[in-house]
Each structure stands twice: as structure tokens, then as C-alpha cells.
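Q: here's my sequence, what's the structure:
(one chain, ligands or ions: 1)
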Amino acid sequence: MHILVTNDDGIESPGLLALAQSLRALGPVTVIAPDRERSAIGHAITLHKPLRAREVDAGVSGVRAYVTNGTPSDCVVLGALDLMDPRPTLVASGINGGPNLGDDVTYSGTVAAAMEGAIIGVPAFAISLARVGATDFTHAAAFACRLATQLLAEGVPEGVFLNVNVPDVPPETIRGVQITRLGRRRWDERLVKREDPRGRAYYWLVGDPLHDGSLAGTDIAAVMDDHISITPAQLDLTSHEGIEQLAGLADALSRGSAD
Ligand code: MN
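A: Residues are numbered from 1 along each chain as shown. Reported below is the predicted structural model:
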């Protein structure tokens, strides 16, 4: 076995270090992480410039570490295709400093690295501490170790990866673990428009999350209720309801193309 630890907050993130330290107890760990913050990079991979990886001191005894100029998904590809021997048998991504809940998971580099783990065919999870600016990753790291132990023993269904959010509350007040679905996480978005010193407009997207914890069974409700949320996610973005509902659309368009 060989655990790949990556993240989207960059090689110097304390959450990455805490995750590597914790999983080291289970067996060999290799860290491959971006050289800078890549939050909100999504599932991007590097195709149009050289991808570099350089071995660095992980700061964790017995853990090999590489820093790359690539994205979180690049880190998983690098581990699977070159840097790790034996190949990774588990991908752990995080611990992100801030939540990855609801609709936001589609932007997340942390979650995308776990998705890439599913693509290379190994159990994978993304783990986030659900408060921006949180500094104590101890409890989330301990939970990651327990989860990894289970995943290494039991595996996951093919194509499935896990998105984990740990509430940032004292460990004794965490009420349990829930398997959840993704909620809806809207933002009170504002586009701030300013003028640069050369007179040209620039934009900065800002906003506050509008939590909707009212939907029972969602990741957002679970975290707001002081539960650790585990959402099983999958690569297949197909709307299976949509296939049924749009059957008439194909008929209508087929008729049109035959005219
Ligand atoms: Mn991040």
C-alpha cells in the first residue's frame, strides 16, 4: 500500500502537513502538492506547458514529498504515472482550510484531486475543515486516519469518491457522522469593479455564502448540525432523470433534421 496526499492550498498548508502526519501511521505516504494555492482550480490539468516536480523536505519523518507547478489533479496523475512506486492505493486530498459543501464542490481543487483518484481506480477522499481560517486540524486529521483505515480495508464502489467536511467545533461536541447528499450553497455574489492605475477596469468577485441548512440529509445541514458529513460522489455527471424527461426533445430534433 502507498498513500498519496495532496491538496489545493499548496505545499506549505498546515492542513496538508496534518493529513500526511496522521496517515503516516497507516503505512508509506507520499505528498505531492502544488507550489502555491490552487483553491477553486476545479479539475484542471496541465497540458500546454511543462509540468515540473521537485523533491522537498516534507517536514514529516519518513514521508517523501514533491512540490509541483501543477494543479491538484496533476499531482494525482504525477503520483500514479511516475513519482510513486508502488502506485498509490489511496488518494487523500486536504485538509482544506474551509468548507467544500453543496454546489461549491464543482469549483474545488481539493475535491477534484479525489475525483482524479477515482479515475485512476483507487479509493479516494477529499477532506475539509468547514471554517475559513481554521488553524487546528488535529481532530480532522485523526478522523481522516480512521476513514482511510476503513477505505483501505473495504474499498469504495467503482467510480465513487468521498467528499468529507468536518465541522470546526471542539471534538467533544461533534455529534456523529452522516452520509449525505450535496446541498445547495448559494452565494451573495458581488462583482466589485474598479479601475487600475492605467485607467482600465478590473473585477474582483466577492461574496458571502448563503447557508441553506433546511434541507435534511444534505452535507450543509449535517455540518451546521455539528456532524461530520461524508458525501459519496461520482464521475458520471449524467442526469438520469433528464434522459427520460428529454426523450421528446430528441424526437422533435430528429424530425427537424430529416426535413
Ligand atoms: Mn483550498
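
Q: tell me how far residue 211 lies from the ion.
A: 19 Å (C-beta to the ion, to the nearest Å). (C-beta placed from N, C-alpha, C; glycine too.)

Q: residues contacting that residue?
A: Neighbouring residues of residue 211 by C-beta atoms under 8 Å, 6 or more residues apart in numbering: 185, 220, 224.

Q: so which of those residues wins on neighbours?
A: Note: the member of the contacts of residue 211 with the most neighbours is residue 220, at 26 neighbours, neighbours being other C-beta atoms under 10 Å.

Q: residue contacts, the residue nearest the centre of the chain?
A: Residue closest to the average C-alpha location in the chain (C-alpha atoms, centre = their mean): residue 111, at 1.8 Å. By C-beta under 8 Å, 6+ apart, the contact list for residue 111 reads 93, 100, 105, 126, 163, 233.

Q: over to residue 44?
A: The contact partners of residue 44, taken as C-beta under 8 Å, 6+ apart, are 71, 73, 109, 112.

Q: the closest residue to the third one other than its chain neighbours: what's it in contact with?
A: For residue 109, ignoring the flanking residues on the chain, the nearest one in space by C-beta to C-beta, 6 or more residues apart in numbering is residue 8 at 3.0 Å. When contacts are counted by C-beta under 8 Å, 6+ apart, residue 8 touches 34, 37-41, 71-72, 93, 96, 108-110, 112-113.

Q: can you give me the distance of residue 8 to residue 134?
A: According to C-beta to C-beta, to the nearest Å, residue 8 and residue 134 sit 15 Å apart.

Q: in what helix or strand does residue 150 lie?
A: With elements taken from DSSP states H and E, the one containing residue 150 is helix 138-154.

Q: pLDDT of that helix, averaged?
A: Per-residue pLDDT over helix 138-154 has a mean of 97.

Q: quick check: residues of the stretch 1-150 of the chain near the ion?
A: 8-9, 39, 96 (C-beta under 5 Å from the ion).

Q: let's see it at 6 Å
A: Contact residues (C-beta under 6 Å from the ion) of the stretch 1-150 of the chain with the ion: 8-9, 39, 96, 110.

Q: tell me the pLDDT of whichever residue of the stretch 51-200 of the chain sits closest to the ion.
A: Nearest residue of the stretch 51-200 of the chain to the ion, counting by C-beta to the ion: residue 96, 4.5 Å away. For residue 96, the model assigns a pLDDT of 98.

Q: tell me, how many residues neighbour it?
A: A total of 31 residues lie near residue 96 under the criterion other C-beta under 10 Å.

Q: residues in contact with it?
A: Residues near residue 96 by C-beta under 8 Å, 6+ apart: 7-9, 15, 39, 108, 110, 126-129.

Q: repeat for residue 23
A: Residues near residue 23 by C-beta under 8 Å, 6+ apart: 3, 5, 29, 92, 144-145, 148.

Q: three-state assignment of it?
A: At residue 23, secondary structure determined by DSSP: H, G, I helix; E, B strand; the rest coil is helix.

Q: quick check: it vs residue 2, distance?
A: The spacing between residue 23 and residue 2, counted by C-beta to C-beta, is 11 Å.

Q: where exactly do the strands run in the stretch 51-200 of the chain?
A: Along the stretch 51-200 of the chain, counting by DSSP state E, counting those that start in this stretch, strands occupy 53-57, 64-68, 90-97, 124-129, 160-166, 176-179, 186-195.
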